[in-house]
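Trainee: 3D, please:
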Amino acid sequence: MNKNVMTNLALAVAGGLALRFAFSLHPVWWLAWLAPAPVLVAMLRSSRWQALGLAALASLIAASSRYHYAALLMPMPGALVMILLLAFLWFAVLALARRAMAAPDASPWSVLAYPLLWCAADTLLAHLTPDTNFDSIAYSQAGFPPAVQILSLTGVAGLVFVLSLVPAVLALAIVRGWRPLRGPLMLAAALTLATFTFGVVRL
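Mentor: Presented below is the predicted three-dimensional model:
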């Protein structure tokens, strides 16, 4: 494998491990704001099929954090199915976001694909599954009160959007350069600042 492929593989593994700790049952709240970025960078730097492989690897690493919990609730085959379904959710969001963001004629605002896909997935899970959105990435912020106050205005989707927008903008800016992403960067900074400011004031 050449140096570029090895670098992308390392980014995907590092990102998968970061996702594992950021969105586990004992989440590291600040890591959730950055963890998807290395995976997205690796995917944006790779060909389509390589990107899909990297997404699958990172998704499996991320979802593996739930195995021990799932094994307490159901037999091993059921626990494995639960982990694979969670990994597939991560894979689908990453793959579809990369498809929008990596298109040759993609606008800098294609970065919105990643947070919008997560909002859509989170909303569908809340309405279609018996456990609602138990696996929502918003729960990663449960231990950080200033972030979760925004739920009083926007519901879970508002926090999911801001939480996903930050790493997506960072990843695309790293790959394409900061200047073309000035608009999305300003939006991400403004929404994050507004979220934290509202949270602190409300507390």
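
Trainee: so who does Ala102 touch?
Mentor: Counting by Cβ atoms under 8 Å, 6 or more residues apart in numbering, Ala102 makes contact with 43-44, 51. The C-beta positions use only the backbone N, C-alpha and C, and glycine is treated the same way.

Trainee: just Val93 next, same as before
Mentor: Val93 touches 114, 117-118, 121, counting by Cβ under 8 Å, 6+ apart.

Trainee: swap the cut-off to 10 Å and go again
Mentor: By Cβ atoms under 10 Å, 6 or more residues apart in numbering, the contact set of Val93 is 36, 55, 59, 113-118, 120-122, 137, 164.

Trainee: cool, and Ile150?
Mentor: 138, 141, 156, 158-159, 161-163, 191, 194-196, 198-199, 202.

Trainee: hmm, back to that, closest to Ala22 among the contacts of Ala102?
Mentor: Met43 (17.5 Å; Cβ to Cβ).

Trainee: any buried residues in the lengthiest helix in the chain, and which?
Mentor: Taking DSSP state H as the criterion, the chain has its longest helix at helix 76-101. Within helix 76-101, the residues scored as buried using 16 or more other Cβ atoms under 10 Å are 79, 82-83, 86-87, 89-91, 93-101.

Trainee: can you pick the most crowded of the contacts of Ala102?
Mentor: When neighbours are counted by other Cβ atoms under 10 Å, Met43 leads the contacts of Ala102 with 30 neighbours.

Trainee: could you find the closest non-adjacent residue to it?
Mentor: Ala51 (4.0 Å; Cβ to Cβ, 6 or more residues apart in numbering).

Trainee: the one you found and Ala12: what is the separation?
Mentor: 9 Å (Cβ to Cβ, to the nearest Å).

Trainee: same question for Asp135.
Mentor: 21 Å.

Trainee: quick one on the thing from earlier: between the contacts of Ile150, which sits nearest Thr129?
Mentor: Distances from Thr129 to those, taken by Cβ to Cβ, are shortest for Val156, at 13.9 Å.

Trainee: do you know how far the nearest residue to Phe196 once chain neighbours are set aside is from Thr192?
Mentor: What sits nearest to Phe196 in space, not counting adjacent residues and going by Cβ to Cβ, 6+ apart, is Pro146, at 5.2 Å. According to Cβ to Cβ, Pro146 and Thr192 sit 11 Å apart.

Trainee: tell me the contacts of Gln141?
Mentor: By Cβ under 10 Å, 6+ apart, the residues touching Gln141 are 27, 29-30, 32-33, 147-151, 159-160, 162-163, 195, 199.

Trainee: drop anything exposed from those.
Mentor: By 16+ other Cβ under 10 Å, those give 27, 29, 32-33, 147-150, 159-160, 162-163, 195, 199 as buried.

Trainee: what about the closest residue to Trp33 other than its chain neighbours, how many neighbours?
Mentor: Closest residue to Trp33 apart from its sequence neighbours, by Cβ to Cβ, 6+ apart: Val166 at 5.2 Å. Per other Cβ under 10 Å, the neighbour tally for Val166 reads 20.
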